[in-house]
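Novice: Fold the following for me, if possible:
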Amino acid sequence: MAARVLRISESGNGGRSLSDIGARAGHLGVEIADMAGLIGDLTTLGTAQSQHAQGAMTAARRMAETNAILSNVMAAARVSADTTESTLRDSAEHVSAALTGAIAKIETLGDGALTLKSAIEKVADTIQQVQETSAAIRRIADDTELLALNATIEAAHAGTAGAGFAVIAAAVKRLAEQSRHSTKATQTHLETLTQTLTDLLAKAESNSATAIAAKTESSKAQASIESLHALVDTVQSVTRGIGTMSQQVESNSTSFEFLHGELSSLVDAVESGAGKLAQAKDRADSILGISEDFILYIAESGIKTPDSAIIALCQKSAAAIGALFERAVAKGAIGMQDLFDDRYVPIPNTDPQQVMTRFTAFTDRVLPAIQEPLLDADPRIAFCAAVDRKGYLPTHNLKYSQPQGPDPVWNSANCRNRRLFNDRTGSAAGASTRAFLLQTYRRDMGGGVFVLMKDVSAPITVNGRHWGGFRIGFKA
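Specialist: Below is the predicted model of the structure:
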C-alpha cells in the first residue's frame, strides 16, 4: 500500500495531498532547525554564564583570601599601633618633663645672663666715675706740686725767715708726689679693670644674645611638646581607625563567605541548566537529522516539493563541476594530487581566518563561470559554492568574495571565500556521498545576526574519487 501511495501522480486530490506532505515536511524541518539554533544559542549562553559564574566565584574566593590576609595584617597593625601609642605616650611624657625642666633652666640662665650684663654695665659706669675722680685728684696733685715748688722758691728768697715755710713746702711736695704716684697706679689699675670689664661686657652681651635666642628656642621647644602631644592624639585616632577598619574587614569576610556559598549554588544551577541544554541540543540535532532524512525520503520517493527544482539544479551543477575537474586533470591543467590537497595554509592577518590550498587558484579561475549564473536561476537562491570533503570553500560567489577590511563582523558577512566551514552543515555537505543532502540551518552572518536557510548539496566526484560537494543555500 505504501509503495502504491508513493507512486500516485500529482493530479487529483491524492497528488495534492502528497505535495502538501512535502511542503509541510519542509516547513517542519525549518521550524526544527530554528528551534535547534535557538537551543544552540541558549547552550552557548549557558556555557558563557557558567564561565562567568565560575569566574565570579573564583574572584570571590580570591577576595575572601585577600580579605583574610588583610584581616591578619589589620590585627597585627592594630597591636603595633597600640604598642606604638603606649610607647609614644610614655616617651612624650618623659620628653615633655625633660623639655619643661630644660626650658625653665634655660630661662633662668637667660635671666641671669641678662642680670649679669646689667650689673657689669653698672660697674663700668662706677669705674668711669672713679676714673674721672682719679683724674681730678691727679690734677689737684699737679697743682699742689706746682704750689710747693713756688713755695720752695719763695722760702729760698726769704732766707732764714723762710726756713719753716720751706719745710712745709717740702712736705707738701712729697704729698703731691705720693698722690701722683698713687693716682697713676690707680689709673693703671683702672685701665686694666676697664679693659677686663670691656671684655666681660662683650662676653656678657654675647651671652645675653645667646640667652635671648635660647629663650626663643625654648618657646619653640614648648611648641614641639604640644606637637608631640598632638602626634600622640593622632596615633590614638589612627589606632581607633584601624580598629574600625578591622571590624569592617571581619564583616566583609563574613559577607564574602556568604557570597561564595551563593555563587557556588549559582554555578551548580547554571552548570545543571547547561547540561540539560546540551542534552536538549543533542535531541534537537537528532530530531533535525530525522526531519532531514524524512524530507530526503520524500524527495527520493518522487514526491514533488517546493525544493525539488533547486535539488535537481544542485545535482546537475555538481555533475558539471566533476566533469570540469576531470577535463582539467586530463589536459594537465591541474594534477590529482594538487586537486585533492588538504593542507590548509593560513593567510596572514585575516579575521575570520582564511586559508589557501594548491587548488584555490585553479577553482578561482574555473568555478565562477558555473556558480555565478545559478544566482539568477531561482529568486530564493542566496549563494552557491563548491566545498571539498572537509568543508573548505575555496571560491565563493563574487559578492561574498570581497577583500577583508578591519571589521571582523563585516568580513564575516562579505568575505566568505577561502574559509573552512566545518560546522554541522558545512562538514556534512562536503563529506556526504548520498545523491543529495537537504539541510536546514541558521546561517551566521556575523555580529550575532543569523538567517534561517536551507542547504542542498550533491557530491562532486573526480575520476571516481569523492572530492567534496556542491552547495546551494536558499531561503527557507
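
Novice: In three-state terms, label the residue of the chain most remote from its centre for me.
Specialist: Farthest-out residue of the chain from its mean C-alpha position, per CA atoms, centre = their mean: residue 160, at 131.0 Å. Residue 160 falls in the helix class when you classify it by DSSP: H, G, I helix; E, B strand; the rest coil.

Novice: Let me see the domain layout of this structure.
Specialist: 67-260, 307-475 (automatic domain parsing).

Novice: from the ones you listed, which stretch is densest packed?
Specialist: Among the domains of the chain, domain 307-475 has the highest mean neighbour count (mean count of other CB atoms under 10 Å), at a mean of 18. C-betas here are computed from N, CA, C, even on glycine.

Novice: Need the distance between the two termini of it.
Specialist: 10 Å (CA to CA, to the nearest Å).

Novice: Check which helix or strand residue 469 maps to.
Specialist: strand 465-475 (DSSP states H and E).

Novice: Adjacent strands (with direction) for that strand?
Specialist: Here strand 465-475 is paired, per DSSP bridges, with strand 381-388 (antiparallel), strand 449-462 (antiparallel).

Novice: Compare the mean pLDDT across the ones you listed and name the weakest.
Specialist: Per-stretch mean pLDDT for the strands paired with strand 465-475 is lowest at strand 449-462 (a mean of 88).

Novice: now what about the host helix or strand of residue 427, what contacts it?
Specialist: Using DSSP H and E, residue 427 sits within helix 424-431. Helix 424-431 is contacted from outside by 285, 387-393, 420-421, 437, 439, 441, 455, 457, 468-469, 471, using CB atoms under 8 Å, 6 or more residues apart in numbering.

Novice: how about a cut-off of 6 Å?
Specialist: 387, 388, 389, 390, 391, 439, 441, 455, 457, 468, 469, 471 (CB atoms under 6 Å, 6 or more residues apart in numbering).

Novice: relative orientation of that helix and strand 449-462 in degrees?
Specialist: If you take axes from the mean of the first three to the mean of the last three CA atoms, to 10 degrees, helix 424-431 sits at 10 degrees to strand 449-462.

Novice: Show me how far helix 424-431 is from its chain's centre.
Specialist: Taking CA atoms, centre = their mean, to the nearest Å, one finds helix 424-431 lying 45 Å from the centre of the chain it belongs to.

Novice: average pLDDT across the helix or strand containing residue 120?
Specialist: Residue 120 belongs to helix 12-158 when assigned by DSSP H and E. Mean pLDDT, helix 12-158: 69.

Novice: just stretch 347-356 next, same as before
Specialist: For stretch 347-356, mean pLDDT rounds to 97.

Novice: how long is that stretch end to end?
Specialist: Chord length of stretch 347-356, first to last residue, is 7 Å (CA to CA).

Novice: before we move on, the earlier item: let's have the strands paired with strand 465-475 in CSV, adding distance to residue 180.
Specialist: As requested, the strands paired with strand 465-475 are exported to CSV (distance: least, CB to CB, whole Å):
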stretch, distance to residue 180
strand 381-388, 145
strand 449-462, 133
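
Novice: so which of the ones you listed gets nearest residue 235?
Specialist: Closest of those to residue 235 is strand 449-462, at 64.2 Å (criterion: CB to CB).

Novice: Pull that closest one out as PDB, backbone CA atoms only.
Specialist: Below are the C-alpha coordinates for strand 449-462, written out as PDB (Å, rounded to 0.1, in the frame of the first residue of the first chain):
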ATOM      1  CA  VAL A 449      22.900  38.100  13.000                       C
ATOM      2  CA  PHE A 450      21.500  34.800  11.700                       C
ATOM      3  CA  VAL A 451      19.500  34.000   8.600                       C
ATOM      4  CA  LEU A 452      17.300  30.800   8.500                       C
ATOM      5  CA  MET A 453      18.400  28.900   5.400                       C
ATOM      6  CA  LYS A 454      18.100  25.600   3.600                       C
ATOM      7  CA  ASP A 455      21.200  24.000   2.200                       C
ATOM      8  CA  VAL A 456      21.100  21.400  -0.600                       C
ATOM      9  CA  SER A 457      24.300  19.700  -1.600                       C
ATOM     10  CA  ALA A 458      25.300  17.000  -4.000                       C
ATOM     11  CA  PRO A 459      28.600  15.100  -4.200                       C
ATOM     12  CA  ILE A 460      31.300  16.000  -6.600                       C
ATOM     13  CA  THR A 461      33.400  13.100  -7.900                       C
ATOM     14  CA  VAL A 462      36.600  13.300 -10.000                       C
END
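
Novice: And it, how far out from the chain middle?
Specialist: On CA atoms, centre = their mean, the centre of strand 449-462 falls 48 Å from that of its chain.

Novice: Need the contact partners of it.
Specialist: 34, 310-311, 314-315, 318, 321-322, 325-326, 425, 429, 433, 436-440, 442-445, 467-474, 476.

Novice: So residue 406, which state does it fall into?
Specialist: Applying three-state DSSP: residue 406 is coil.

Novice: how far away is it from residue 349?
Specialist: Residue 406 sits 10 Å away from residue 349, going by CB to CB, to the nearest Å.

Novice: Then residue 100?
Specialist: Distance from residue 100 to residue 349, by CB to CB: 80 Å.

Novice: repeat for residue 240
Specialist: In terms of CB to CB, residue 240 sits 61 Å off from residue 349.

Novice: do the same with residue 127
Specialist: 106 Å.

Novice: again, but for residue 376
Specialist: Applying CB to CB to residue 376 and residue 349 gives a distance of 34 Å.

Novice: any idea where the helices of the stretch 251-400 of the chain begin and end?
Specialist: Per DSSP state H, counting those that start in this stretch, the stretch 251-400 of the chain carries helices over the ranges 308-331, 336-339, 360-366, 368-374.

Novice: who's in contact with the third one?
Specialist: Contacting residues not belonging to helix 360-366 are listed as 334, 394, 395 [CB under 6 Å, 6+ apart].

Novice: next one: the shortest one
Specialist: Taking contacts as CB under 6 Å, 6+ apart, the residues outside helix 336-339 that touch it are 329, 358, 359.

Novice: run the last query once more with 8 Å
Specialist: For helix 336-339, contacts defined as CB under 8 Å, 6+ apart pick out 325, 329, 358, 359, 362, 462, 463, 465, 467.
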